[in-house]
Structures are given as structure tokens and as C-alpha cells.
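> kindly return the folded structure for what I paste below:
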Amino acid sequence: MSLSNVFNIAGSAMSSQSIRLNTVASNMANAESVSSSVDETYRARHPVFQLIQQQVQDGYGPENGLSAGQGVQVVDVVESEAPLRQQYEPNHPMADENGYVYYPNVNVVEEMTNMISASRSFQTNADIMNTAKEMMQRVLTLGQS
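The predicted model follows:
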């Protein structure tokens, strides 16, 4: 693996974390939206990450139980299967015929944790890219004196 691959790997991680931050923002924005039916109620969304793998030589690879990761990608964004919040509010304008309104299955504490985690991961990968850039610049100056 060359040092230049670091930029592709860190870039794919930053891209994936951006998608994660966007889904968190969508979940937070819809956390208190109300609906009069289960089918119309917003459901929390979460990205599904997958490792981008490459077959390599020199003792690495699936046949040896080891493979080199070449980054990460988001393969899908799935809706949470957690139950919706149902509340009895007969005076609410969105209440159904039984007096219930339905709130999304968004856990605000969990979403804040995901936001902090995604933000820190994004920053870590930006730091990795800066460090790799500095290392490449120092390699170019080795022959100069």
C-alpha cells in the first residue's frame, strides 16, 4: 500500500461520515413531528457502512484470513425498526379517531451521540490526511540540503 492510498481511504471515511451526519440531522429535525397514522410517521434512519476491500499479496488476503481495507462506503440507509411513540392527545388537531397521535422513533440522546461520534471521526480523518500530506512533503525535501 502506498502512502497516496491514505488520501483515498481517509476521503472515503470523510464522505461516509458526512452521510452519517446528514441522517442524524434529518432524524433530529423530525424528532418531534406528529402524525395521525402509523404509516405516515417519520422513522429514524441510519446508514449502513461497508468496508471496501482489495486483494493483496505477501501473506495478506482472504485465503490467509487477512485483507487490506481500501476505505469505507455507505451501501444503504435503513429505517429503524424501533416502535413509534403513541400518545393519547384527543385535543390535538392531528389525533386519529381514537385520540392518539404518533411520534417518530427518534431517540434524541442516541442521535446526539451519533453526531459527536461522526464529527470526531470526520476530524480524525482530516488530521490523517494532513499528517500524510506533511509526510509526503518531508520525503520530497530529503534530497535537498
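> please identify the pairing partners of the strand ranked longest in the chain and their relative orientation?
In terms of residue count, the longest strand belonging to the chain (DSSP state E) is strand 68-79. Sheet partners assigned to strand 68-79 using DSSP bridges are listed as strand 45-54 (antiparallel).
> can you point out the buried residues in the strand it pairs with?
Using 16 or more other C-beta atoms under 10 Å as the test for burial, strand 45-54 gives 45, 46, 47. C-betas here are computed from N, CA, C, even on glycine.
> I'd say the first one and residue 76 touch.
No - judged on C-beta atoms under 8 Å, residue 45 makes no contact with residue 76 at a distance of 10.0 Å.
> just the strands in this protein please.
45-54, 68-79, 85-88, 100-103.
> what's next to the first one, contact-wise?
Spelled out, that is strand 45-54. Here strand 45-54 makes contact (C-beta atoms under 8 Å, 6 or more residues apart in numbering) with 12, 16, 19-20, 23, 26-27, 67-80.
> what does the average pLDDT come to for that strand?
Regarding strand 45-54, the rounded mean pLDDT is 90.
> and for residue 6, the neighbour number?
Neighbours of residue 6 under the rule other C-beta atoms under 10 Å: 18.
> list the buried residues for the longest helix anywhere in the chain?
Scanning the chain for the helix with the most residues, using DSSP state H, yields helix 108-140. Within helix 108-140, the residues that count as buried by 16+ other C-beta under 10 Å are 111, 114, 115, 118, 121, 122, 125, 128, 129, 132.
> what's the closest of the strands of the chain to residue 136?
strand 68-79 (18.6 Å; C-beta to C-beta).
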